[in-house]
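Any chance you can model this:
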Amino acid sequence: MAVLEIALPKLKKDAAKIAEAEETILPSFRVKLQEAGVLNGLRGFFVTENGQDIRQDFREVLLLEWPHIQKFKDFIVSPAYLGFAGQVKDIAYGPPELKLFDVSDDISSIFGSETTLEYLVVKPKDTSEASVKSLLQKLQSNLPQFGAAKAAAASSLNLETQEIAVVGLYTSDAEFETAKVSASRQKLLADIANAADVTSLVAHVAKEIPVV
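Below is the predicted model of the structure:
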C-alpha cells in the first residue's frame, strides 16, 4: 500500500537562511530520502491560503511517495533523519508536521512536471468511519471536477482527527485560475462544505526526487 506524506516544515521567516539551507543541506537530504525508499517527491512553498497571499510566511511543503508506511517509520528514527533535524534546527521554530495518507491507487503519475499544486485540507464534520469513507468516495469519484491535469484524494493515517487530502497538479497558475472558477468545481466544493471544513493551499513546486 503506497503512502502519501505531506510534510509541512515550520520555518522561521528568514529568506537568507532558507536559501543557504537549500544549497548546503537539502541536496544531501534529498539523496537520503531516496535511499530510504521515497519513490517520488515534490517540494515548494505555499503562495496562497484561501486566496490570500502568504508568500512572506515561507510555508514550505513536501509531497513524498513512500512504497509503504514501514519505510517512513524506519526513516524518521534513523541517524540520517535525526542528523538532518539537527542541521535545520536554526531555521525552524518547531518540528515539522508530517501527515500520512492512505493511497489505494498508484499515485506516481501526480509527480510530474506540473508546477502549481493545490492542496485541499478537508476536515470532515462527522469523523465516524462511515462518514469519512463516504466523503472520500465522493471526492475520488469527482476528481475531474477540479480541472487538474493530475489529482488524487486520500484519507489520513496518523492524525488524531481524521482528514482527507485532495491534491491537484496544474501546469501553471493560469491553468489553476481557470479551473478554480469552473461551475462544476464550485458546485462540488459547495456540496463538500456541508460535510467538511475545507482549506485551499496553493504552492509553487518542483520535482526533486528521484534525484537526477
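
Which stretches in the protein count as helices?
Assigned helices in the chain, in chain order: 15-24, 26-36, 69-75, 79-87, 129-141, 173-180, 183-193 (criterion: DSSP state H).

Other residues contacting the shortest one?
Which is helix 69-75. Under the criterion C-beta atoms under 8 Å, 6 or more residues apart in numbering, residues Met1, Val3, Glu5, Leu33, Ala36, Gly37, Val38, Trp66, Tyr81, Leu100, Leu157 lie in contact with helix 69-75. C-beta here means a position set from N, CA and C on the backbone, and glycine is covered the same way.

Can you name the residues that contact the last one?
So that's Leu157. Counted by C-beta under 8 Å, 6+ apart, Leu157 has contacts Val3, Ile69, Leu100, Phe101, Asp102.

Buried ones among these?
In the contacts of Leu157, burial by neighbour count holds for Val3, Ile69, Leu100, Phe101, counting by 16 or more other C-beta atoms under 10 Å.

from these, which ones fall inside strands?
Within the buried ones among the contacts of Leu157, residues falling in strands by DSSP state E are Val3, Leu100, Phe101.

can you count the residues close to the residue lying closest to Ala179 once chain neighbours are set aside?
Of all residues not flanking Ala179 in the chain, Gly147 sits nearest, at 2.9 Å (C-beta to C-beta, 6 or more residues apart in numbering). By other C-beta atoms under 10 Å, 19 other residues sit near Gly147.
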